[in-house]
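Asker: Test case, fold it:
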Amino acid sequence: MTWGDSAFFVAWEDDRTANVRGARITSAGVVQDPGGFAISNTSGTYLPKVAWDGTNYLVVWVESPRGVYGTRVTPSGAVLAPERFLISATATSESPPAIAFGGTDFLVAWSDTAEAATYQERGYGICGARVTAAAEVRDATSINISSAANDQRAPAIAWNGLNYLLAWLDVRNSGTTEVFGVRVSPAGVRPGPGGNQDQYRRIRVEQAGSSLRWIELPRRVAR
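Answerer: Just a heads-up that it's a prediction; the model follows:
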């Protein structure tokens, strides 16, 4: 879900029709598209995410058995051509993608086995690609964001006007679930001091009574 020109836009996977659907909702809570409209007519589509670029929405989703796809939707609810374009053929359908607009391009990230030697040995990594407002994929070879041991899943992205920040669930350390993050520049690289790439920063989750607290560790974990 995101806010657009003059309405919220919500996208979901619909079990009734086995596809991705969407609807616009006004700031007063009025559903402009009761029942929603089809965004993808392909069955086996899951876990959609949406972002706004100031002109149109970009909706991305995963498909079974694998692959991440996208399409643009106008503020009036029209699906633009191409109605379904490929962003990655190797994304897993078991984890939702993530998307954010960075002023010029979108950055899409997903959980992927392409960087792993085998699933049993390495698990899932995090990959990404930049997508233009015209639905052109800038990174035909996806950006390798994390290919550590074991699984990295469920990426999230935000934009601060200079760089993207990506964070994800990570079990590289003996199966303990942690959150790792890294910055990615608009050029698709990890910026760092002196031109060096950002190393992964680890955030640990600890149980504090009945609630969870997030602790940023002072050290950095090298790639």
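Asker: Helices along the chain, start to end?
Answerer: 119-122 (DSSP state H).
Asker: just for it, where's the confidence low?
Answerer: 93-94, 114-123, 192-223 (pLDDT under 70).
Asker: how about a cut-off of 80?
Answerer: Applying pLDDT under 80 to the chain flags residues 17-18, 65-66, 90-95, 113-123, 149, 174-175, 190-223.
Asker: who are the neighbours in contact with the spatially most central residue of the chain?
Answerer: In the chain, the centroid-proximal residue (Cα atoms, centre = their mean) is residue 98; its distance is 1.2 Å. Shown in contact with residue 98 (Cβ atoms under 8 Å, 6 or more residues apart in numbering): 49, 108-110, 155-157, 166. Yep, even glycine has a C-beta here, placed from its N, CA and C like the rest.
Asker: let's see it at 7 Å
Answerer: 49, 109, 155-157 (Cβ atoms under 7 Å, 6 or more residues apart in numbering).
Asker: Same check on residue 11?
Answerer: Residue 11 makes contact with 20, 22, 39, 48, 50, 59, according to Cβ under 7 Å, 6+ apart.
Asker: Out of those residues, which sit inside strands?
Answerer: Residues of the contacts of residue 11 located in strands (DSSP state E): 20, 22, 39, 48, 50, 59.
Asker: ok, those vs residue 181, which is closest?
Answerer: Closest approach to residue 181 among these (Cβ to Cβ): residue 50, at 22.0 Å.
Asker: Could you check how far the closest one is from residue 85?
Answerer: Shown here: residue 50 relative to residue 85, a distance of 15 Å by Cβ to Cβ, to the nearest Å.
Asker: try residue 106
Answerer: Distance from residue 106 to residue 85, by Cβ to Cβ: 12 Å.
Asker: And residue 11, by the same measure?
Answerer: Distance, residue 11 to residue 85, by Cβ to Cβ: 16 Å.
Asker: ok, of the contacts of residue 11, which come out buried?
Answerer: 20, 22, 39, 48, 50, 59 (16 or more other Cβ atoms under 10 Å).
Asker: Tabulate the residues you listed in TSV, adding columns for distance to residue 182.
Answerer: Formatted as TSV, the buried ones among the contacts of residue 11 follow (distance: Cβ to Cβ, whole Å):
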residue	distance to residue 182
20	29
22	30
39	30
48	24
50	23
59	25
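Asker: Let me know the closest of these to residue 5.
Answerer: residue 50 (13.4 Å).
Asker: Look up the residues forming beta bridges with the closest residue to residue 106 other than its chain neighbours.
Answerer: Nearest non-adjacent residue to residue 106, counting by Cβ to Cβ, 6 or more residues apart in numbering: residue 131, 4.5 Å away. Beta bridges link residue 131 to residue 106, residue 137 when assigned by DSSP bridges.
Asker: next one: residue 79
Answerer: With DSSP bridges as the rule, residue 79 is bridged to residue 73.
Asker: Could you verify my assumption that it touches residue 71?
Answerer: Yes: applying Cβ atoms under 7 Å, one finds residue 79 in contact with residue 71, separated by 5.8 Å.
Asker: Compare these two and say which one has the larger neighbour count.
Answerer: Between residue 79 and residue 71, counted using other Cβ atoms under 10 Å, the more crowded position is residue 71 (23 against 19).
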